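J.: 3D model of this:
(chains A and B, ligands or ions: 1)
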Amino acid sequence: METEIPRSNVTDTMASTTTNQSPTVSPFLDPGPVTKVNSLAILQLSRDNLVPVYLEAPKGKHDGYAEGAVVNTRYGSFPHSTMINVPWGSQIRASKVDTGSRGRNKRKRDAADDAGKEAKDTPEESNTPLPSNGDAGADAEVQVKKAVADSSGFIHVLPPTPEVWTSSLPHRTQVVYTPDYSYVLHRIRARPGSTLIEAGAGSGSFSHASARAVYNGYPAREGDKKGKVYSFEFHEQRYHKMKQELIDHRLDDIVHLTHRDVYNGGFLTDDGKSPEAESVFLDLPAPWEALPHLSRRNPKDPNDKTWVSPLNPKKSAYLCTFSPCIEQVTKTVSAMRRLGWMDIDMVEIANRKYHTSRERVGLNLCFDRGVNNSARDVDEALARLTEIESRFREHAAKSRGEGESDDDEEMDDDDAIAATKTKGGKKGNKKGSTENGNSTIPDNEEGNVSGSGSGTAPWMEGRLITRGEPEIKTHTSYLVFAILPREWTEQDEAAAAARYPVVGEQKVIGVVDKAARKKERREQLQKATLGNRKARRKERDAQMAVTEAA
Amino acid sequence: MHSVIRPNAWVALKLPSGITKVIQITPNTTISLGKYGSFPANLVIGRPFHLTFELLDKNPDENFSRLRVVPSDELYAEVFAEEAAAEGCATSAAGAGDAVISATEGEEFSLVDDNGNVVARSNREILDENARQTLTQEEIEELKREGNNAGKDVIAKLLLSHTAIDQKTSFSLAKYKLLKTKKYIRRFQVLPIDVATFAQWQLEERDASKIMDMRAEMIGLVGCWGNVHYSGEESKLPDPKVSTTEGVEACVELEKERLKGRWLVVDDTCGLLVAAMAERMGVLYPAEEESADEAEEQAEEKTEDPQADSTAADGSVQQNGDVEMRETTETTETVPVGKKQPLKQSRKSKSGPRASDFAIPYSQTNTLTVLHSSSQPNLSLLNYWNFDITSPNHAPHPLLNHLLNLTWLQLLKPELDTSYSTPPPTATPEVLASWKPSRRGNFHRKRRRYARIRHIVDNTRAGGFAGLVCASTMDPISILKHTLPLLSGGAPVALYSPSVESLAALADCFSVPRRTAWTSGNVPEIEGLSNEELEYWQGNERFPLNPTLLQGVSIQTSRARKWQVLPGRTHPLMTERGGADGYVFTAWRARPAEGRIEARGKFKRSAGKKGGESATPAGETPTTAEGMQHDGAEEVLVKRKRSVSSLATELAMTEKVAEVTSPTKKRKSEDGNLEA
Ligand SMILES: C[S@@+](CC[C@H](N)C(=O)[O-])C[C@H]1O[C@@H](n2cnc3c(N)ncnc32)[C@H](O)[C@@H]1O
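T.: Next comes the predicted model:
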């Protein structure tokens, strides 16, 4: 599914944008205190329903709306004008919009889209952007109408972060989600100032997260080495879409995207220079095809002096490959070993989201959603059964008095019980709404009712429980990690040996035998008490200082 | 991170047994690997990380072991042999089980040396000959003592003499061999101490409880969901250059608009969380000058005092002991002790003229503000990154101006904090000149401390934080009660907890029914409160927190499952470390719209009117003294050792909470988008 966030001439207006602070900084890295025109904002409709929008200045009638660009959701319509220059995190009320010339047909289509969206309202799939705005400024001369608040609902407007972007971005491929990328970036040591290689860029989910990780400022001048992501994508359309996205997000100075097949072309810059990367992430179908390029020397000819490594020659390189199938892992690991990668480690991330709710079980709880009208405990069950029995006995006595035959009695008994039971059950269910009915079971019998009548607020009733969300991702991909130490030649070793000659070493550190350890423990203990004493003295001094000052 | 192992750096030594030792690499010492032997530290200083070193046998004319870098091909020789065998086995279907380990022509087992030659092999004939294991423990010990060929001979001998080999499956055979390999081969790796390496070691080998069982998965999640990242160059307020006669009035005023990229942290992991966040913000490691790397190294070597540093990190790691053989120290040229002092001073002078007492050393951007419950924060693990928050004269470190800390009291009731509320001393230069240097020093110290604390408190109370990250043993509800107002709109909240209960209780404060009730307009206790008053809502039993202040509340857990990847034997590990899985609570700070808001979608209009349908249940009695009851109840409810509310009890006591009258009883939760 190749989709796109609707935005109208964002790029050409971008240059003229007059933002009050740091105009060049990506909203991902510094969103500022308020939402800005022509900048990305994420609209949160419900917890997992996030929609990215480029906020447009109200220039006039837009797509038939007198209020300018409008986002339509199942919670109402939200003109962009109501979401610009508001503090991030603001709750935005829906507006009554003037559809004016907007055709009925289009509305219908919107509604249909909305419905479709609702049906598959899962985090992965809620990414169909709302068809709120298409061709902008068609009739810009028309006056923009001021939005009027509507009571239909509200949304929140959030600043873009890689996390919200990941769950709202237009999917062009499978993407790497937060549970995976957060772990990967931690393990491949992507930090401010790092250089990271990524392939393929795909939908840019990982790119955004890694851009944030390596960011340590924009390069001020040519040759200024700052944290950077070198990203590669060979699918032309995806490459172009992502290139545009990076510009729109003002991340193009941090993420350097190249259109290339890395299996054949490798990872150098277009002019043949080395990115000098310390971290590498490969989300490709065949990582082993790309791995030979990520060596220290030409793997086919170690003496090839013209070969350039894309890795930082002075540092260990941390690598992660991301593959859904175990066969890919086997091949990748085998290639890694032959190419000298160390500490090869394969893991799989299982992430689960939890839902908290109140488990409300009881016969006397008001009828509400989520209430389980069965006995809360044995006592409650007992009370009800006792009640039913006594009613049955009453009934039986009555019918016997009416002189019914013994043969029928048993059947009647059963029927009666069944009837009573259903009645009782129904009674319990309806209790909340039919207070006046002559109930079979005392509604507020002292002692064994659930605290519904005791003053507990309804949202505090029942036991707080957590359970996994109904749908879980049980497998995303296998993560293979590895480290390639820097090259260490005989000359390097000779230089180091000359600089740090072995002298008459005296002290032993590291693992020592028991006796030495004991002795050391003693010393440490002494030190610790000394330290404590010192700290105490410090505190006393501070106290004294205070009294002195007073 | 550095490109080579630096003198006095903290590193992790990974031993063949899989055990990691964290030590400080002190120059001119001997590093002992226990039974694997020992070697001079100078043999690894200046060398790269992650190489595999092997201890060589002592040269006849030397009394120490030299090291050899083991090429990767040698390390993987067995696997390569297995792969080759597996390939061969694919063509000849028969006897597949035997062929997994053996190379070719019926060899069941082989040991390959550096050059790929087979050193030892055990084939059926030999195994048949030696019916039972022939090597005794003494023989093994003897072999080890001889140190022949780094223990490989032992393995070879064991292999050759081990009898039951052909009875075992290839799987257990490989395991058996691996065990032996781990036991006797004298190899190790040196890893840099970064957050990932350190945390894993602390969790798996040291003391997981000290870091609240926080796994790598959790560190990653908290950092990402907290959106913690580098956010701007260091930016300081100008030095007011005040004279010593000026007091409080001369303190630097806060410039709110300069505050940017600040994160609030509550850390009960002894500083691991702070370290992880500082790493993400680029303020954990000293700035690196690639070109000056070498030169710097030289300088550092001379300035750093190994003794002073070795006492720093928590206890038992640094293990000093005596060595049997005494040697003359005359040759220790590399660390000229006498040069230490002058060099340190020259560094200081580099930083320009001395700042005045009221100069604020803290950056206004890219900072971490740590809230702590004792008078000093416990950030002892930062010592592994050479940062000691208690040290008065600290060597340059980025955390010095990027880490701010204050107590809950200083945040909530600063007037009760002595150092905040005691005005700084003043004195004329004449008086000052008449004092002894020590008294003068004390005077300046007091003034400096005052200015800093005042700045930190005012800065923190000014709010506008970019996010909140926590790993705390305190009740998260109490933390959020006081920190939510300090977060800027849209700021993320990411809380870690080893168990889910406290986070679930927190999430319940933001449940749909609670939110619906809050916004329904039928909550007497909040009637007439302004949005700002609602932001600082101090909570009661029904609404411990203002449920509209967070958006997108979510709880998750993550677990990395490790796999073994070997030819034909790829599977998840059979056992892994247990303990806490860990949970992360995430949400964003919302800014609720003024006034009442309807929470429902277009599709649900039928839910009925408020008030009319919501009958007041019988037996509903108004609760009195709600505020006090609430505090007590809360503490019982969520048993936490140290709760903010207990610390700021006075606050809660004085707080006036309106009497609670009949709450709306059975309002249907109109699902709408309240769940957001
Ligand atoms: C699964 S997607 C990556 C998704 C991405 N990691 C994200 O988080 O959005 C894989 C991408 O790799 C690209 N790709 C595959 N083979 C490639 C090659 N040889 N060179 C460059 N890109 C390649 C594909 O076009 C595809 O877009």
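
J.: can I see the domain layout of chain B?
T.: Annotated domains of chain B cover B:1-193, B:226-305+B:373-469, B:598-676 [automatic domain parsing].

J.: rank the ones you listed by pLDDT, which is bottom?
T.: The weakest mean pLDDT among these belongs to domain B:598-676, with a mean of 36.

J.: and chain A, what are its domains?
T.: Split by automatic domain parsing, chain A gives A:12-160, A:165-348, A:359-468, A:514-549.

J.: and the ones you listed, which one's lowest on average pLDDT?
T.: domain A:514-549 has the lowest average pLDDT among the domains of chain A, namely a mean of 59.

J.: Give me the phi and psi for the residue nearest to B:Q364 when sequence neighbours are not counted.
T.: Sequence neighbours aside, B:R258 is the residue nearest to B:Q364 in space, at 4.4 Å (criterion: C-beta to C-beta, 6 or more residues apart in numbering or on different chains). Placement of C-beta: from N, CA and C, glycine included. Main-chain dihedrals, B:R258, degrees, to the nearest 10: phi -90, psi -20.

J.: likewise A:P292?
T.: Main-chain dihedrals, A:P292, degrees, to the nearest 10: phi -60, psi -30.

J.: got it, and A:A199?
T.: Dihedral pair for A:A199: phi -150, psi 140, per degrees, to the nearest 10.

J.: need the contact list for it.
T.: A:A199 makes contact with A:231-233, A:262, A:267, A:281-284, A:290, according to C-beta atoms under 8 Å, 6 or more residues apart in numbering or on different chains.

J.: List buried residues within the residues you listed.
T.: Using 16 or more other C-beta atoms under 10 Å in any protein chain shown as the burial test, the contacts of A:A199 include A:231-233, A:262, A:267, A:281-284, A:290 as buried.

J.: Kindly list the longest strand within the chain.
T.: If you meant another chain, say so; for now it's chain A. strand A:342-361 (DSSP state E).

J.: Chain B is the one I meant
T.: Ranked by number of residues, the top strand in chain B under DSSP E is strand B:550-564.

J.: now check that strand, is it near chain A?
T.: Yes. Strand B:550-564 reaches chain A (C-beta under 8 Å from any C-beta of the partner chain) through B:551-564.

J.: Of the residues you listed, just the buried ones, PyMOL syntax please.
T.: Per 16+ other C-beta under 10 Å, the buried members of those correspond to this PyMOL selection:
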select buried, chain B and resi 551+552+553+554+555+556+557+558+559+560+563
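
J.: will you turn the residues of strand B:550-564 next to chain A into JSON lines that also has pLDDT and distance to A:N298?
T.: Listed next are the residues of strand B:550-564 next to chain A as JSON lines, based on pLDDT from 0 to 100; distance: C-beta to C-beta, whole Å:
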{"residue": "B:Q551", "pLDDT": "92", "distance to A:N298": "53"}
{"residue": "B:G552", "pLDDT": "94", "distance to A:N298": "50"}
{"residue": "B:V553", "pLDDT": "96", "distance to A:N298": "53"}
{"residue": "B:S554", "pLDDT": "95", "distance to A:N298": "48"}
{"residue": "B:I555", "pLDDT": "97", "distance to A:N298": "50"}
{"residue": "B:Q556", "pLDDT": "97", "distance to A:N298": "44"}
{"residue": "B:T557", "pLDDT": "96", "distance to A:N298": "45"}
{"residue": "B:S558", "pLDDT": "95", "distance to A:N298": "39"}
{"residue": "B:R559", "pLDDT": "94", "distance to A:N298": "40"}
{"residue": "B:A560", "pLDDT": "95", "distance to A:N298": "34"}
{"residue": "B:R561", "pLDDT": "94", "distance to A:N298": "36"}
{"residue": "B:K562", "pLDDT": "94", "distance to A:N298": "33"}
{"residue": "B:W563", "pLDDT": "95", "distance to A:N298": "31"}
{"residue": "B:Q564", "pLDDT": "92", "distance to A:N298": "32"}
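
J.: Now flag whichever of the residues of strand B:550-564 next to chain A is closest to B:E594.
T.: The nearest member of the residues of strand B:550-564 next to chain A to B:E594, counting by C-beta to C-beta, is B:Q551 at 16.6 Å.

J.: what bridges to the closest one?
T.: With DSSP bridges applied, B:Q551 shows beta-bridge pairing to B:W588.

J.: Can you classify the residue of the stretch 101-250 of chain B found nearest chain A by secondary structure?
T.: Here the stretch 101-250 of chain B gets closest to chain A at one residue, B:G220, 3.5 Å apart by C-beta to the nearest C-beta. The three-state assignment at B:G220 reads helix, by DSSP: H, G, I helix; E, B strand; the rest coil.

J.: same question, B:V493
T.: Here B:V493 takes the strand state, with states given by three-state DSSP.

J.: Quickly note the distance from it to B:L13.
T.: Shown here: B:V493 relative to B:L13, a distance of 38 Å by C-beta to C-beta, to the nearest Å.

J.: quick one, which of the two is more surrounded?
T.: Taking other C-beta atoms under 10 Å in any protein chain shown, B:V493 and B:L13 do not tie; B:V493 has more neighbours (28 against 21).

J.: doesn't B:P476 make contact with the more buried one?
T.: No. The pair B:V493 / B:P476 is not scored as a contact, 9.4 Å apart, by C-beta atoms under 8 Å.

J.: Please identify every residue contacting each of the two.
T.: Shared contacts of B:V493 and B:P476, defined by C-beta under 8 Å, 6+ apart, are found at B:F585.

J.: thinking again about what came up before, which secondary structure elements does the longest strand of chain B sit against?
T.: strand A:148-158, helix A:178-187, strand A:342-361, helix B:216-225, helix B:501-508, strand B:571-572, strand B:583-589 (3 or more C-beta pairs under 8 Å, 6 or more residues apart in numbering or on different chains; DSSP states H and E).

J.: Report the inter-axis angle for the third one versus helix A:178-187.
T.: Note on geometry: by axes from the mean of the first three to the mean of the last three C-alpha atoms, to 10 degrees, strand A:342-361 and helix A:178-187 are set 140 degrees apart in direction.

J.: is chain B contacted by strand A:342-361?
T.: Yes. Strand A:342-361 comes into contact with chain B (C-beta under 8 Å from any C-beta), by way of A:342-358.

J.: Specify the next element, helix or strand, located C-terminal of that strand.
T.: Note on strand A:342-361: by DSSP states H and E, the next helix or strand toward the C-terminus is strand A:371-372.

J.: need the helices for the stretch 401-550 of chain B, in chain order.
T.: Counting by DSSP state H, counting those that start in this stretch, the stretch 401-550 of chain B has helices at residues B:408-412, B:418-421, B:429-434, B:437-461, B:476-483, B:501-508, B:512-519, B:531-535.

J.: A:P179: neighbouring residues, count only.
T.: Number of residues near A:P179 (other C-beta under 10 Å) recorded here: 25.

J.: nearest residue to it other than its sequence neighbours?
T.: A:P179 sits nearest to A:N351 (C-beta to C-beta, 6+ apart), 3.5 Å away.

J.: Surely the one you found touches A:Y181?
T.: No. Counting by C-beta under 8 Å, A:N351 sits too far from A:Y181 to count as a contact (11.3 Å).
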